[in-house]
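1. I'd like to go over a predicted model; first the sequence, then the structure.
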Amino acid sequence: MALLSKKDANLIKDPLADNNPITIQVLGICSALAITAELKASVVMAISVLFVLGVGNVVISLLRNIIPAKIRIIVQLVVVAALVIIVDQVLKAFAYDLSKTLSVFIGLIITNCIIMGRFEAFALGNGPWKSFLDGIGNALGYGVILVIVGFFRELLGSGTLFGMKVLGDPIAKTGLYSIGYENNGFMIIPPAALIVVGIIIWVQRSRNRALIEEA
Amino acid sequence: MAINTEKNSYTVVFAVLMVVVVGSLLAFVASGLKPMITENQRFEKQQNILYAMGVNDNEGDSDVSFVPTTEVEEAFSKYITQQLVVNGTEASEKENAYLIEVQKELVKVKNGEEGELPLLVGEKDGEKYYIIPMYGKGLWDAIWGYISVDNNMVVKGVFFDHAGETPGLGANINQRFFMDDFKGESIMDGNTYEGIAVAKGNNDPLNNDKDDNQVDALAGATITGNGVTAMIKESLKLYKPYLQTLRTN
């Protein structure tokens, strides 16, 4: 990490571990529940948020001295919405197949509280480069949790990863299914995501007790 | 900064400028990309229609691959022999009938107005396919698709797609394990119009029974499944008078 000063590197590293947007700040839970039934959807959502948060943070940071405080939330919303629409249109024109898989999530990005949260808490008070790193770091922290949750939910719920049957065929009874294993249908419904996120939070806090909030 | 960003006049000017700038930017992007997007959507329609009549690039038993965009135009004119517009028991030819927006026409017809119901006739290996576009609603958003039947109203293939069903649940209506189940089902039960129901607990997960007008539902996607049932029933009903005239048994 010679490219980045220690302080800058922390902007990326912190959200990945001890200041994770989902497990510590408890932001972005809504999308973590909704779209993590499949690993592929989780990865796609993580990449989309990475782009929007990275660019959005820079734009807000550049405008930070001229945005009127009274309407700053509206300005932030306009920036996110405009970015999201541009991404959507460009994908539709140049990568139509990809845009079909993404369409559900692109819209969801606008409502992702992590994005508004970072604009408000970081980009409005810091320079563009730092804001960019902060955006990337938080998007990665969000993405990591999404991928972990997606991995367990797809594996245990459907017996597949990225749509590939890794545990054998449940209908033809091959692989694990031949010895009586069954997919857990509970894993593909949203409450299961809450339980997986809960387990991650538990593991993380028992490894680093400093993270446990005072009751 | 010399400007006082707290002043009301500044706030108003900023808001107005922001709207104008962002608005023109988006309008510029949208109109610049529109021709490409329309073209992509036209290719997608052709790919979906061909998929419903079994013209695709599928490999293995879970793959859904369309004819590549670069070849779809050619394949479409090769396999689709007639493009018709159906009105009751009558059908007349119409150029590019596949581009008709089914969503609007279905609404018109249901309200008792005149609408154009497109029907495409395809031919592959000497067999005829009657391909009917469908449109309905799932849990969150629109669902649509194409269904191809033979002249006795037995399904030869389907294609479904959706705008925003839940990933991993309702979104699976465009997967092979769901779509392939429809093949061989009839939309008629003897002489009565039945449609095809997406049924829970029909004790036939492998779909061996082809006479029950039912396919096995997707777990956790009841409302999307009901949407598919309704879509098939409502859309095909309007074509039934014409399809009836083609029957040979």
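-> Right, received. Where do you want to start? Residues are numbered from 1 along each chain as shown, chains lettered A, B, ... in the order given.

2. Number of residues surrounding B:S77?
-> 10 (other Cβ atoms under 10 Å in any protein chain shown). C-beta coordinates here come from the backbone N, C-alpha and C atoms, glycine included.

3. Could you look up the next helix or strand downstream of the helix or strand that contains it?
-> Per DSSP states H and E, B:S77 falls inside helix B:69-79. Note on helix B:69-79: by DSSP H and E, the next helix or strand toward the C-terminus is strand B:80-87.

4. Outside of that next one itself, which residues are in contact with it?
-> B:49-50, B:91-98, B:100, B:114, B:116-123, B:131, B:238-239, B:242 (Cβ atoms under 8 Å, 6 or more residues apart in numbering or on different chains).

5. Separate out the buried members of those residues.
-> Buried members of the contacts of strand B:80-87, counted by 16 or more other Cβ atoms under 10 Å in any protein chain shown: B:49-50, B:91, B:94, B:97-98, B:100, B:116-122, B:131, B:238-239, B:242.

6. Where does the prediction get shaky in chain A?
-> Applying pLDDT under 70 to chain A flags the ranges A:1-3, A:101-102, A:104, A:215.

7. Look at stretch A:180-196 and report the distance between its end residues.
-> 24 Å (Cα to Cα, to the nearest Å).

8. how about that stretch: buried residues?
-> Quick answer for stretch A:180-196 (16+ other Cβ under 10 Å): A:183, A:187-190, A:192-193, A:196.

9. picking that back up, next step: the buried ones among the contacts of strand B:80-87 restricted to strands.
-> Residues of the buried ones among the contacts of strand B:80-87 located in strands (DSSP state E): B:91, B:117-122, B:131.

10. how about the residues of chain A near chain B?
-> A:34-35, A:37-38, A:41, A:65-71, A:74-75, A:78, A:82, A:85-86, A:89-90, A:92-94, A:96, A:100, A:103-104, A:107, A:153-154, A:157-158, A:163, A:165, A:171, A:185, A:188-189 (Cβ under 8 Å from any Cβ of the partner chain).

11. Filter these down to the ones in helices?
-> Members of those lying in helices (criterion: DSSP state H): A:34, A:41, A:74-75, A:78, A:82, A:85-86, A:89-90, A:92-94, A:96, A:100, A:103-104, A:107, A:153-154, A:157-158.

12. would you say B:V67 is within a helix?
-> No: applying DSSP: H, G, I helix; E, B strand; the rest coil, one finds B:V67 to be coil, outside a helix.

13. Retrieve the pLDDT associated with it.
-> Looking at B:V67, its pLDDT reads 85.

14. Who are the contact partners of the residue nearest to it when sequence neighbours are not counted?
-> Once flanking residues are discounted, B:V67 sits nearest to B:A75: 4.9 Å by Cβ to Cβ, 6 or more residues apart in numbering or on different chains. Going by Cβ under 8 Å, 6+ apart, B:A75 touches B:46, B:50, B:55, B:67.

15. Identify the residue spatially nearest to the third one, adjacent ones excluded.
-> In space, not counting the residues next to it along the chain, B:V55 is nearest to B:Y79; the distance is 5.6 Å by Cβ to Cβ, 6+ apart.

16. what does chain B have sitting close to chain A?
-> B:1, B:3, B:5-6, B:10-11, B:14-15, B:18-19, B:22, B:25-26, B:29-30, B:33, B:36-37, B:40, B:43-44, B:62, B:69, B:161, B:163-164, B:166-169, B:171, B:205-206, B:219-220.

17. Could you turn the buried ones of those into a ChimeraX selection?
-> Listed next is the ChimeraX selection for buried residues among these, using 16+ other Cβ under 10 Å:
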select /B:11,14,15,18,22,29,30,33,37,40,43,44,161,164,166,167,168,169,171,219,220
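
18. And the residue of chain B that's closest to chain A?
-> Of all residues in chain B, the one sitting closest to chain A is B:G168 (2.7 Å; Cβ to the nearest Cβ).

19. tell me the contacts of that residue?
-> A:37-38, A:41, A:153-154, A:157-158, A:188.

20. Any buried residues in the one helix or strand A:S61 maps to, and which?
-> Element membership for A:S61, per DSSP H and E: helix A:39-63. Residues of helix A:39-63 classed as buried by neighbour count (16+ other Cβ under 10 Å): A:39-46, A:48-61, A:63.

21. any idea how far B:N96 is from B:T222?
-> Taking Cβ to Cβ, to the nearest Å as the measure, B:T222 falls 37 Å from B:N96.

22. Need phi/psi at the most centrally placed residue in chain B.
-> With distances taken as Cα atoms, centre = their mean, B:G145 lies nearest the centre of chain B, 2.0 Å away. When read as degrees, to the nearest 10, the backbone of B:G145 gives phi 170, psi -180.

23. didn't it look like it was pressed against B:D161?
-> Yes: with contact defined as Cβ atoms under 8 Å, B:G145 and B:D161 form a contacting pair (6.2 Å).

24. Among the contacts of B:A75, which ones are in helices?
-> Filtering the contacts of B:A75 for helices - DSSP H - leaves B:46, B:50.

25. And the furthest pair within the contacts of B:A75?
-> B:Q46 and B:V55 (10.0 Å; Cβ to Cβ).

26. Overlap in contacts, these two.
-> With Cβ under 8 Å, 6+ apart as the test, B:Q46 and B:V55 both reach B:67, B:75.

27. Relative to chain B, how far out is A:I106?
-> A:I106 sits at a distance of 10 Å from chain B (criterion: Cβ to the nearest Cβ, to the nearest Å).
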